[in-house]
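*Asks:* this one's sequence-less:
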């Protein structure tokens, strides 16, 4: 699995009917983020790959790790937060749908998304 493929598996679901707790519980398990532990927080982006890839050609901004390979864009998302009430692999999540700014780290030529840098 390349870093780009991992990004797509963990963070892209298009088209989607996200936003609910059931959606998060199902998707987090289906995408392999409930073993060996429950991933505490994850964002699914509900845009097609080309729309997300296009974020990588916007101007560079500073990533949390100090690198300059991050880019920002506004997308439709579902944020999934672990409730902490269950054990793997039957993790329980609270889902919330919104349209908001995300920060994505991109690598390669052409640049492709490899990491969702900011959840705020």
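*Replies:* Okay, I see it. Predicted, not measured: the structure shown is a model, and the values here were computed from it.
*Asks:* quick one: buried residues of stretch 67-75?
*Replies:* 69, 70, 71, 73, 75 (16 or more other Cβ atoms under 10 Å). Placement of C-beta: from N, CA and C, glycine included.
*Asks:* As CSV, those with secondary structure, distance to residue 95 and pLDDT would be great.
*Replies:* Listed next are those as CSV, based on DSSP: H, G, I helix; E, B strand; the rest coil; distance: Cβ to Cβ, whole Å; pLDDT from 0 to 100:
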residue, secondary structure, distance to residue 95, pLDDT
69, coil, 29, 97
70, strand, 25, 98
71, strand, 26, 98
73, strand, 21, 97
75, strand, 16, 97
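*Asks:* ok, which stretches of this structure are strands?
*Replies:* In the chain, the segments counted as strands under DSSP state E are 41-45, 70-82, 93-107, 112-118.
*Asks:* Against which helices or strands is the second one packed?
*Replies:* This means strand 70-82. Counting contacts by 3 or more Cβ pairs under 8 Å, 6 or more residues apart in numbering; DSSP states H and E, strand 70-82 packs against helix 21-30, strand 41-45, helix 49-55, strand 93-107.
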